[in-house]
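> missing the sequence, but the structure's below:
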């Protein structure tokens with residue numbers, strides 16, 4: 001499938017959850033490539049400060065991805081500021097951890113609202129104008145947890161499985177429109193999202209690695225990009241391995257790290273922040 005080329009020099013890019021972590025690294029990478037970037041975040045003050053570091057080619061804005069009205073206001077502001085949207089990066093996400101039976105209903109709903117409905121809102125709002133123009137690109141930051149479930153992250157796993165499926169299906173629906181929809185699937189990332197969890201032998205990557213992968217999809221338009229790539233291959237192959245063998249591998253790899261290998265003091269700072277949302 002071929003798509004109209006998007007020249008990042010002068011392109012308009014909007015990123016959700018952009019005040020910190022992967023979102024901020026992605027904003028920096030797009031600015032470095034010559035794009036004008038809108039940073040949307042629930043922490044408006046932090047988004048504005050972050051954008052100021054990039055000069056006049058960045059804008060910080062309040063964004064609650066769980067509220068479709070807020071999302072629409074964000075995208076409207078982007079268009080007024082710098083013209084039609086070329087690239088949307090749905091990055092905002094939360095990752096509460098803990099045993100499934102101990103998780104609260106409120107946090108479960110927050111996880112699905114941010115991680116799934118945040119992506120749905122963004123695509124439903126951005127795609128019509130892209131389809132009308134015949135070009136555009138949407139990147140949904142999912143997770144390898146959307147293909148390889150881990151103990152202690154059941155609802156997070158569910159939300160990322162949803163994003164992987166949502167991305168794949170909408171990509172098919174966008175055939176022949178000139179608009180592409182891609183998913184980036186990180187392993188554990190060294191950000192606040194996974195702070196305090198010791199994943200042991202499971203590979204960890206830096207926000208800049210994910211940012212580079214997101215920017216790269218604008219050129220490749222790949223359906224899925226795993227970071228690191230070899231872990232994506234293993235996740236895809238895991239369903240072909242007998243369950244008894246996979247259970248032994250999981251045990252050796254400490255797939256229960258999100259329950260048993262947690263620094264509660266460090267982790268609490270992140271959980272307290274998202275629980276206030």
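It's in. Bear in mind the structure is a predicted one, so any value in this text is a computation, not a measurement. Residues are numbered from 1 along each chain as shown.
> show me where the stretch 1-150 of the chain has helices.
All helices of the stretch 1-150 of the chain, identified by DSSP state H, counting those that start in this stretch, fall at 21-32, 44-52, 68-82, 105-112, 118-133.
> Highest mean neighbour count out of those helices?
helix 21-32 (a mean of 24; mean count of other Cβ atoms under 10 Å). (Each C-beta comes from the backbone N, C-alpha and C, glycine too.)
> Just the angle for it relative to helix 44-52, thanks.
Angle between the axes of helix 21-32 and helix 44-52 is 30 degrees (criterion: axes from the mean of the first three to the mean of the last three Cα atoms, to 10 degrees).
> Please name every helix or strand in contact with helix 21-32.
Packed against helix 21-32 by the contact rule (3 or more Cβ pairs under 8 Å, 6 or more residues apart in numbering; DSSP states H and E) you find strand 12-16, strand 36-41, helix 44-52, strand 87-90, helix 207-220.
> Mind checking these for the one nearest to residue 119?
strand 87-90 (4.5 Å; Cβ to Cβ).
> just so I know, which of the helices of the stretch 1-150 of the chain lies nearest residue 177?
helix 118-133 (4.8 Å).
> For that closest one, the averaged confidence score.
Taken as a whole, helix 118-133 has a mean pLDDT of 98.
> try stretch 44-57
97.
> tell me the pLDDT at residue 180?
Reported pLDDT for residue 180: 98.
> ditto for the one 4 residues further on
According to the prediction, residue 184 has pLDDT 98.
> and what of the one 3 residues further on?
With respect to pLDDT, residue 187 has a value of 93.
> Next: the one 10 residues further on.
Turning to residue 197, the model gives it a pLDDT of 94.
> surely it meets residue 258?
Yes - if you go by Cβ atoms under 8 Å, residue 197 and residue 258 touch, sitting 5.6 Å apart.
> Quick check: neighbours shared by those two?
Among the neighbours of residue 197, those also in contact with residue 258 (Cβ atoms under 8 Å, 6 or more residues apart in numbering) are residue 97.
> if we can go back for a sec, okay, the helices and strands packed on helix 21-32 in CSV with distance to residue 245 next?
Formatted as CSV, the entries for the helices and strands packed on helix 21-32 read as follows, by distance: least, Cβ to Cβ, whole Å:
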stretch, distance to residue 245
strand 12-16, 39
strand 36-41, 43
helix 44-52, 45
strand 87-90, 35
helix 207-220, 29
